[in-house]
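Trainee: model this:
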Amino acid sequence: MTRDGLWQRAMELGAASGCHQRADRSFFLGDYQFPVCARCTGVFLGQSVSFVLLLFRKRVSVGAACGLLLVMGADWFAQHIGLCESTNLRRLMTGIMGGIGIVSLWAAAVCAAVKAIK
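Mentor: Below you'll find the predicted structure:
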């Protein structure tokens, strides 16, 4: 597969993930736009970090996870209502927080379900 073909496939997968893929809200590697926007890139990175933490049996509390998601949501909402324009770096950082938060909540829910079954 050519480099352009690989990039096209990555863009298709990014679109399938639900990302809007706006160029002005995405990072670029040379001439190639990332397949997902800065916030989605952060979410995927945060999710990856969370899975590594879980492998080492490190957990984020439910309260902290909700706080991390709230920070991401607040950044999105402030931009959505026109209060302030976010930057790609802020989108990336709040996305990482949100990714960690969502995996942490899923992990807590799975643990609670397993305990309830026992």
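Trainee: can you give me the strands for the chain?
Mentor: Using DSSP state E, the strands assigned to the chain run over residues 28-29, 32-33.
Trainee: Relative to Trp7, how far out is the spatially most central residue of the chain?
Mentor: Among the residues of the chain, the one closest to the centroid is Val43, at 0.9 Å (C-alpha atoms, centre = their mean). Computed as C-beta to C-beta, to the nearest Å, the Val43 to Trp7 distance reads 21 Å. All C-beta spots, glycine's among them, are computed from the backbone N, C-alpha and C.
Trainee: do Gly42 as well
Mentor: 20 Å.
Trainee: Can you check the pLDDT for the closest residue to Ala78 other than its chain neighbours?
Mentor: In space, and not counting its chain neighbours, Ala78 is closest to Cys84: 5.3 Å by C-beta to C-beta, 6 or more residues apart in numbering. According to the predicted model, the pLDDT of Cys84 comes to 91.
Trainee: Looking at the protein, which helix is longest?
Mentor: Criterion DSSP state H: the longest helix present in the chain is helix 88-117.
Trainee: Report the buried residues of stretch 61-76.
Mentor: By neighbour count, with 16 or more other C-beta atoms under 10 Å as the criterion, the buried positions of stretch 61-76 are 65, 68-69, 72, 75-76.
Trainee: Let me see the residues that make contact with it.
Mentor: The contact list for stretch 61-76, computed with C-beta atoms under 8 Å, 6 or more residues apart in numbering, reads 39, 43, 60, 86, 90-91, 94-95, 97-98, 100-102, 104-105, 108.
Trainee: how about a cut-off of 6 Å?
Mentor: With C-beta atoms under 6 Å, 6 or more residues apart in numbering as the test, stretch 61-76 has contacts from 86, 94, 97-98, 100-101, 104-105, 108.
Trainee: before we move on, back to that, verify the contact between the residue nearest to the centre of the chain and Gly99 for me.
Mentor: Yes: using C-beta atoms under 6 Å, Val43 is in contact with Gly99, at 4.1 Å.
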